[in-house]
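Visitor: only geometry, no sequence info:
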């Protein structure tokens, strides 16, 4: 019949729920008693006894998950009653084994009241270790994703801040040389010098713009040094040319000296070295009182590793 089918389905449902539960018992809060209805093989404690003894037995194997309270304090009748004010309330507490291997959720469901005082509760214990571990893993993954996104955002901000400063130097040189060229249209020699400086500054600017468009590096915050051939003399001259007009405006003398440079043609990241020298010269011109002297010195010293050169660049002001 349909009724017997419903009963059978209900029995299966109840059995399924019971299988999910480690232990369940009725606690008599009024008389300090407990009685378990779990199969004997699941119990490591007497099936009946005083509730205070049950709490002490639990405390020998478990502690509060948040460590703020002992198991005895967490599960006192007073605390259960204070939390369960109506028949629809359920008091829940999480405990973890002393070895940290298993986590249990203990729930107290109200059963009987006497004159607005809760006297009996159903205590249900369920193993939630797997769910807790999965939740912790999910939180950790979310935190890692947040940290990675935050780091990428900071790297991007720092990259753009640095690049915006570096871009101004070749732009200023191009604008300054363009204005100087316009005022010297009848002087082919001067005009040629201006165009040469504009060409060098434009190439440096193009290198910086190409870096700016390299979104992969912006996201990661990593700078991969290039391996390209360049000439030291041309590199230094191109940067010095960019600052010649600025130095002149401040009355500075801007000179360059090469000391024992035996290898003038090398392989390295030309753009990055130009940016470093450019930043040094920016500070030297800015912070040297007018009429000062600024000298750039490139020196080569012996390197014991074959095929590698030791070079030092000094900016004195």
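Guide: Good, I have the coordinates. Here the structure is a predicted model, which means the values were calculated and not measured.

Visitor: the bottom helix or strand of this structure by mean pLDDT?
Guide: Least confident helix or strand, the chain: helix 215-220 with a mean of 56, by mean pLDDT, DSSP states H and E.

Visitor: so what's residue 207 up against?
Guide: By CB atoms under 8 Å, 6 or more residues apart in numbering, the contact set of residue 207 is 270-271, 274. C-beta here means a position set from N, CA and C on the backbone, and glycine is covered the same way.

Visitor: which stretches of the stretch 51-200 of the chain form helices?
Guide: 51-59, 71-74, 77-83, 129-182, 188-212 (DSSP state H, counting those that start in this stretch).

Visitor: just to revisit the earlier point, give me the contact list for whichever helix or strand comes after the least confident helix or strand of the chain.
Guide: Counting by DSSP states H and E, the next helix or strand C-terminal to helix 215-220 is strand 228-231. Residues from elsewhere that reach strand 228-231, judged by CB under 8 Å, 6+ apart: 264-270.

Visitor: How about stretch 299-316?
Guide: Taking contacts as CB under 8 Å, 6+ apart, the residues outside stretch 299-316 that touch it are 232, 258-263, 266, 273, 276-277, 280-281, 284, 294-298.

Visitor: Any quick PyMOL command for the buried ones out of those residues?
Guide: Buried residues within these, by 16 or more other CB atoms under 10 Å, are selected in PyMOL with:
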select buried, resi 232+266+273+277+280+281+284+294+296+298
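
Visitor: who wins for proximity to residue 251 among the helices of the stretch 51-200 of the chain?
Guide: helix 129-182 (16.0 Å; CB to CB).

Visitor: Check which helices and strands the closest one is in contact with.
Guide: For helix 129-182, the contact count by 3 or more CB pairs under 8 Å, 6 or more residues apart in numbering; DSSP states H and E identifies strand 103-114, helix 188-212, helix 215-220, helix 232-249, helix 270-287 as packing neighbours.

Visitor: right, and those - which one's nearest residue 49?
Guide: Comparing those by CB to CB, strand 103-114 comes nearest, at 17.0 Å.

Visitor: Which strands border that closest one, and is each parallel or antiparallel?
Guide: Here strand 103-114 is paired, per DSSP bridges, with strand 91-97 (antiparallel), strand 117-127 (antiparallel).

Visitor: Output the below-cut-off pLDDT ranges for the stretch 1-150 of the chain.
Guide: For the stretch 1-150 of the chain, the stretches flagged by pLDDT under 70 are 1-2, 11-22, 38-43.
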